[in-house]
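Undergrad: Show me how the following folds:
(3 chains)
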Amino acid sequence: MKTSLILLLLFLASCSEKTDNETENQAAQEQAWDSSFFAPKLGEKLLYRETIESVSMQQTKPVSPENINKVEIDRVQVYNGPEMLEGKKFHRYSIYNDGKFQEGFLFHWTGELLLVAGSFAEDQKPVFAQPPIPIAHIEMTTGSYWHWPEYEVFGNGSRVIGFEPVKVPAGTIDAYKVSIKKTSIGKVTLREYWFAPKIGIIKEKNHIYYGGILRAINTIEFVGRADSDDEAKSS
Amino acid sequence: MSSSSETRQLPAKLFQKGVHDCPLCAAKISSAAASCPRCECHLEEIDQSLGTEGPKLEKIMDFAGILNGEDEAIRKSISTIEEKFPQLKLMFCSLKCPEEVKLTTLGWWTLNRGTHSSIPGWSGLLLIDPSSCQATFQAGYELEIFVNRQKLEALLSECGEWFTVGDWSGGIENFFQELHPILKSSHHDAITTHKLALKSLGKA
Amino acid sequence: MRISSFYLALVLGVQSILLLQARERPLSFVSDPSSSLPRETRNSLESFLTTRSNRLQTEVFVLLEPLPAPSLEEAKPIFEEFGNSWSEDNWAIISFRPGQIGAPLIITGGPFLREIVLETWQNELTTLQELSLQSWQTSPDIDFLARQVADSLAFVSRFKSATVQSLVQDRNEEILKKHHSDKTQKAYLIAISTALLLALAALAFLLRKAYLARKKLHFPETKWNSRLGAPHSGGSALIHRFPPPQA
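TA: Coordinates of the predicted model:
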């Protein structure tokens, strides 16, 4: 009887030890993830240039250069830092167009998968995306693909096209190219973005077709980093 | 006679809307009339014909024998009301009324001269004379304030239909069963009136 | 008779020469003898396609020249032969004669064709052809088309071998499952809460009913006057006369 009790106690002790180890590992993982892929710095500002070329909805072919409307916007993406919400860690990003708050995003990093988990407006109140949208995976490669029911998110699948050098105003940077195509009645949207590890999306290009003609090309390119007033620290 | 404890007692006329009538000649009389202005009716005069000692008042007094021992349901109906309204004492009596006496007068005299252990002001007596095919309900000073005369009349009329077919126990049981919701409704109205009156007097 | 034979030999000879010439792999991925593409666009496209070939072993040839056959249908098998002889990897040929009406022709080939659903692939190419026609240029946007075809080819060539796909897929399915189970859980919670609330309300109602049933009612005490010298009851003339019993 005594022996059985001692064995039982030892077994229970080993289980709790295992649990402690697991907890430690988890904590360790959280504290020091692979920063070669996703490594935002608190307060860092990434500068972009956004160019929108468009024609009116009434425009038909032929399209002359005078019919194309071009707008250029200075876009700044600021990393506001990590935030615990509903027991999970999110990373808050604010986007400013020509100095004015445009929108905010919540990213969730699992240690291997980066997702757009939600958004927020000027009131800072988070609105969670259901389901969250994968942006990049630490092991993604050409041919990688993830899909979800079309009615839930933009497009019905993301394709990783390749890992290639991309020329942007900030220089030539190696990045993964991801392509998403969405078709609906009379409308096709082709979205491509280039994700550079440790930086994020450095280029995005959207072609929007409607009524049998290209209606808009929206290009966002990484210009560079701005000096941050805050002391940079890893999250 | 007035009841005691002036601090929480309100005048009866606040609750009772109807007028009183003489149990002898049915003339309208005031609430404090010493005698009937028409027939000069006074209890002491009735005592001269019926005496000053009435019967021992019980729940069921089937002197006329119309129930044939089937009084259990009636007893239960009365008990149900008395449990709900502990103040009340309800009774049933059947008898052959003397020819020279009106049934209403007899009922009135019985309530005043009969002996019972509870507060007589809250008493109510259903009196039936099967031989003359009459029924009356007489109430004590306190109960009569809260029981609507018209409803009682309607109830007696309804029970009369039972009596006509010879179902005495059914009719009597029905009377007390239907009296229960009438009393509940009266109670609700009375409490509301009481609260409003106290509030307006600044005593709430 | 001699003259017709001569002309026949001439035609056959020319055709053979042409065929011989076309069988050789082009020196560059973009063949544009009439310079229909702006120089910068052509150089950029060339660089892009070269990188694709080097990194991903998918080769896209852009031929901006007359068809090797009088019609598109006749040209298709010829292009297939070209592609298979030019490349051992997965390939595509985009053919467009400057000034032609309609979308450029796209022919693809290579080992990947054995791994995919052909109809789906053809639909994808058709969509790209249509999109190229919807550009702001008067002619199809060859640069856009070539890049899109190259991207699609690179993807489908490696689709099955990509390892992260299942990881992302599983993760996404987990997310979706969790999302749906969260939704289901939420629905269950709402249903249970509603049922509990209703049960509580019913219980409260029954308890109140039981309480009211047991509750004793007291009429208010009043100040009343006696009348007719009667101590307990003032009496009334309330009486009902009923028809005699018929029994």
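
Undergrad: quick one: average pLDDT of stretch B:175-187?
TA: For stretch B:175-187, mean pLDDT is 94.

Undergrad: try stretch C:198-211
TA: On average, stretch C:198-211 scores 93.

Undergrad: what's the answer for stretch A:180-194, then?
TA: So the average pLDDT for stretch A:180-194 ends up being 86.

Undergrad: Endpoints of that stretch, how far apart?
TA: Counting by C-alpha to C-alpha, to the nearest Å, you get 12 Å between the two ends of stretch A:180-194.

Undergrad: A:Val166 bridge partners, please.
TA: Note on A:Val166: beta-bridge partners A:Ile173, judged by DSSP bridges.

Undergrad: and residue 58, helix, strand or coil?
TA: In the absence of a named chain, chain A is used. Under DSSP: H, G, I helix; E, B strand; the rest coil, A:Gln58 falls in the coil class.

Undergrad: To clarify, I was referring to chain B.
TA: B:Glu58 is classified as coil under three-state DSSP.

Undergrad: cool, and C:Asn225?
TA: Using three-state DSSP, the structure places C:Asn225 in coil.

Undergrad: Run a quick neighbour tally on it.
TA: 16 (other C-beta atoms under 10 Å in any protein chain shown). Where you see a C-beta, it was placed from the backbone N, CA and C, and this is true even at glycine.

Undergrad: Please see if the helix or strand hosting B:Ala73 touches chain C.
TA: Element membership of B:Ala73, judged by DSSP states H and E, is helix B:72-84. Yes - using C-beta under 8 Å from any C-beta of the partner chain, helix B:72-84 reaches chain C at B:83-84.

Undergrad: what packs against that helix?
TA: strand B:60-62, strand B:89-94, helix B:168-200 (3 or more C-beta pairs under 8 Å, 6 or more residues apart in numbering or on different chains; DSSP states H and E).

Undergrad: Buried residues, it. List them.
TA: B:73-74, B:77-78, B:81-82, B:84 (16 or more other C-beta atoms under 10 Å in any protein chain shown).

Undergrad: Equivalent analysis for stretch C:222-237, please.
TA: C:222, C:224-230, C:232-237.

Undergrad: And for stretch A:217-229?
TA: Buried residues in stretch A:217-229 (16+ other C-beta under 10 Å): A:217-223.

Undergrad: Export it to PDB, keeping only CA atoms.
TA: Extracted in PDB, the C-alpha atoms of stretch A:217-229 (Å, rounded to 0.1, in the frame of the first residue of the first chain):
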ATOM      1  CA  ILE A 217      -4.000  50.100 -60.500                       C
ATOM      2  CA  ASN A 218      -3.000  50.600 -56.900                       C
ATOM      3  CA  THR A 219       0.700  50.400 -56.100                       C
ATOM      4  CA  ILE A 220       2.300  50.700 -52.700                       C
ATOM      5  CA  GLU A 221       6.000  50.600 -52.400                       C
ATOM      6  CA  PHE A 222       8.400  50.600 -49.500                       C
ATOM      7  CA  VAL A 223      10.400  53.800 -49.400                       C
ATOM      8  CA  GLY A 224      12.400  53.300 -46.300                       C
ATOM      9  CA  ARG A 225      12.400  53.600 -42.500                       C
ATOM     10  CA  ALA A 226      11.800  56.900 -40.700                       C
ATOM     11  CA  ASP A 227      13.900  57.800 -37.700                       C
ATOM     12  CA  SER A 228      12.100  56.800 -34.600                       C
ATOM     13  CA  ASP A 229      12.100  59.100 -31.500                       C
END
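
Undergrad: Can you list the residue ranges for helices in chain A?
TA: Assigned by DSSP state H, chain A shows helices spanning A:2-31.

Undergrad: residue ranges with poor pLDDT in chain A?
TA: A:1-35, A:147-156, A:227-235 (pLDDT under 70).

Undergrad: Going by length in residues, pull out the top strand of it.
TA: strand A:69-85 (DSSP state E).

Undergrad: picking up where we left off before, and the helix holding B:Ala73, average pLDDT?
TA: Here the average pLDDT along helix B:72-84 is 94.

Undergrad: which residues sit against it?
TA: Applying C-beta atoms under 8 Å, 6 or more residues apart in numbering or on different chains, the external contacts of helix B:72-84 come out as B:59-60, B:67, B:88-92, B:169, B:172-173, B:176-177, B:179-180, B:183-184, C:216-217.

Undergrad: leaving aside the residues next to it on the chain, what's closest to the most centrally placed residue in chain B?
TA: Residue closest to the average C-alpha location in chain B (C-alpha atoms, centre = their mean): B:Ala139, at 2.3 Å. The shortest distance from B:Ala139 to any non-neighbouring residue, by C-beta to C-beta, 6 or more residues apart in numbering or on different chains, is to B:Gly124 (4.7 Å).
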